[in-house]
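Trainee: model the following, please.
(chains A and B)
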Protein chains: 2
Amino acid sequence: MNMRVPFDQLKAVIKQALLNVGLPEEKAEICARIHSETSLDGIESHGLNRVPRFVNYVKKGLVNVHAEPELIHARGLAENYDGNLGVGIINAMFCMDRAIALAKEHGLGIVTIRNTTHWMRGGTYAWQAAEQGMLAINWTNTESCMPMWGSTEISVGNNPFCMAIPDEKTPIVLDMALSLYSYGKLETYRLAGKQLPYPGGFDKNGNLTSDPGAIEESQRILPTGYWKGSGLAIALDMAAAILANGKTGLDMDAEGNGNCTSCCQVFIVIDPTIFSTKEEIEQMIKNRIDAVHNAKPEKEGDTVTVPGERSLAKRAYNLANGVPVNEQVWTRVQELAKKI
Amino acid sequence: MNMRVPFDQLKAVIKQALLNVGLPEEKAEICARIHSETSLDGIESHGLNRVPRFVNYVKKGLVNVHAEPELIHARGLAENYDGNLGVGIINAMFCMDRAIALAKEHGLGIVTIRNTTHWMRGGTYAWQAAEQGMLAINWTNTESCMPMWGSTEISVGNNPFCMAIPDEKTPIVLDMALSLYSYGKLETYRLAGKQLPYPGGFDKNGNLTSDPGAIEESQRILPTGYWKGSGLAIALDMAAAILANGKTGLDMDAEGNGNCTSCCQVFIVIDPTIFSTKEEIEQMIKNRIDAVHNAKPEKEGDTVTVPGERSLAKRAYNLANGVPVNEQVWTRVQELAKKI
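Mentor: Below is the predicted model of the structure:
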């Protein structure tokens, strides 16, 4: 069952749950805001729903709430950090902030981090850059969760890839996992007794299927774009580990410490006004947004959108009407937030 | 009908065809090599098969064979060029060379170019970086050729995205168009009377289909990964135009001067040893390649591969056994190469 909770209440409860598990005040405040904003934007999987697992990771010692990112190497506008298995959101925000600062100074900045933990919603950091007027590309590697193309075994991560194109009115913010559907999405469809909108994997006989349960059984979820997403996932994994001097997805598999523990992340930020004026950029984006909104929709009455635009609309709606939460998860997090 | 032609003969004939249409000696030599190497790697669409269209573009004045890339702005390790509608291959190789030089000096380099023309196979420039020991990301925008997700009208380019991870033995080189199948691929399957291996678009009634003819009729080819590739294509188009201070896909649509004429390209190059040692990188790549080769294949006897690996194998085989060419196209290019 879904219900709606005011944003401030959601954030306060999450914050208390995080304080209870030992996060320092400032980190609890930031993480509570990010988890709440993620639910606010309609991404429940990495918003409220993810809080119990994060709390569990802290309890198990997989996340060190007191660790800070540590500068390992700097070379001009490139910096490399060790995340010391600190809080993923805090580490990633720090890195994106540094990359933005480097880009503001030099036109371009790249920050990489190793030994960090799950950054939750990758789009958080793309939005962070967009809100600072910066163009960004950021990605993470992660442990294996899908078969590489041509294989039947789980062997590569779904390594999310994000891009931000800033605009005061309609930033374009892409947040793209490289599995077509997450396991969470498969479960949602199975529990609802529904087929996936498009084939999402192979069944155990190797046939393409839209049946979520058959894919959960075979564990053969599809890479985004079949062989293409598989190849991109491999390339992003290697590039992250190389540029951050850290662990690959295979190293994480070998450690088996849970989702994204000791992963690597890359934050590339470019000042969009490096070669174009603000006015030229505004015009380009306005033209694209107009074309998108005027494109003939598949279903009459629908509107085509750019990446990030639906999040922005949900954000406004949910801020006014309350953030949708799953009642069971909400009860669980309220339990975690009880004063101890 | 396919036949095989020795690499040197293929290259000599293409070179003569390019000289006949007015390319200066050095440019004809480079372009002939790249078209031949593209066919050599098994990418016939942008190899020999593309030569007649390129010749036609030159004849129509859409490509200026005497134009050179012109530096518009430089800021530290970032450079912006105008391609002056010169030869796409020459312009792109020049830009990748500059980005490599900047990365060798600073650890990182970004070069953007506007008003250039079709670069043919995007992977050419990723291979160029890999062969120089550099990690690279490069992409181009192009005129619209597929519907944005949620629309039924052609409204966004298939903007290819490439990545290179260098390795002396097995570089990882990704070359990924953002339409799942090209129109060329649809035609090949239709002419062979075959269905596509996976659904490749919608028919005119809006049903997902693997029938190539039905997709050619509806013109609703699928973005790679459905909504994901559509979003990425929009983001890459905007980022290219903004960073190169040039034309968006929509601007190219409005001009209607043919495939990729006046497009923008981005070349980001990073020295992989900026934060990791050569030995660490070699080990990471070796581990991944081993895991790939040991992964349980879908079909017994097959081997799973990393992006670029099949090209490398075809390259070796075709160099020894002759480059596969379509007999009709080969005859046509031999005609174009007749001494004038």
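
Trainee: what's the one helix or strand in chain A whose mean pLDDT sits lowest packed up against?
Mentor: Within chain A, no helix or strand scores below helix A:183-191, which has a mean of 92 by mean pLDDT, DSSP states H and E. Contact partners of helix A:183-191 among helices and strands, from 3 or more C-beta pairs under 8 Å, 6 or more residues apart in numbering or on different chains; DSSP states H and E: helix A:212-218. C-betas here are computed from N, CA, C, even on glycine.

Trainee: about what we covered before: run the chain-centre distance for the least confident helix or strand of chain A.
Mentor: Offset of helix A:183-191 from its chain centre (C-alpha atoms, centre = their mean, to the nearest Å): 18 Å.

Trainee: which parts of that helix are buried?
Mentor: A:183, A:185, A:186, A:188, A:189, A:190 (16 or more other C-beta atoms under 10 Å in any protein chain shown).

Trainee: relative to chain B, which of the residues you listed is nearest.
Mentor: Ranked by distance to chain B (C-beta to the nearest C-beta), those are led by residue A:185 at 12.9 Å.

Trainee: returning to what we had before: now, which of the buried residues of helix A:183-191 sits nearest residue A:311?
Mentor: For those, the residue nearest residue A:311 by C-beta to C-beta is residue A:185; the value is 16.6 Å.

Trainee: got a list of what that closest one touches?
Mentor: A:196, A:200, A:212 (C-beta atoms under 8 Å, 6 or more residues apart in numbering or on different chains).

Trainee: which among the residues you listed gets closest to residue B:84?
Mentor: Distances from residue B:84 to the contacts of residue A:185, taken by C-beta to C-beta, are shortest for residue A:200, at 46.5 Å.

Trainee: how near is the closest one to residue A:215?
Mentor: Computed as C-beta to C-beta, to the nearest Å, the residue A:200 to residue A:215 distance reads 6 Å.

Trainee: overlap in contacts, these two.
Mentor: A:186, A:209, A:221.

Trainee: contacting residues for the nearest residue in space to the first one that is not next to it in sequence?
Mentor: Spatial nearest neighbour of residue A:186, chain neighbours left out: residue A:212 (4.1 Å); criterion: C-beta to C-beta, 6 or more residues apart in numbering or on different chains. For residue A:212, the contacting residues are A:181, A:185, A:186, A:187, A:189, A:190, A:194, A:195, A:196, A:200, taking C-beta under 8 Å, 6+ apart as the criterion.

Trainee: what sits against the last one?
Mentor: Contacts for residue A:200 were tallied using C-beta under 8 Å, 6+ apart; they are A:180, A:181, A:185, A:186, A:209, A:210, A:212, A:215, A:221, A:222.

Trainee: same check, this time on the fourth one
Mentor: Applying C-beta under 8 Å, 6+ apart to residue A:187 gives the contacts A:212, A:216.

Trainee: could you report the separation of it from chain B?
Mentor: To chain B, residue A:187 is 20 Å away according to C-beta to the nearest C-beta, to the nearest Å.

Trainee: partners of the strand or helix carrying residue A:325 in the sheet?
Mentor: Element membership of residue A:325 [criterion: DSSP states H and E] is strand A:323-326. Sheet pairing here is set by DSSP bridges, and for strand A:323-326 it gives strand A:2-5 (antiparallel).

Trainee: having no further points to raise, I will conclude here.
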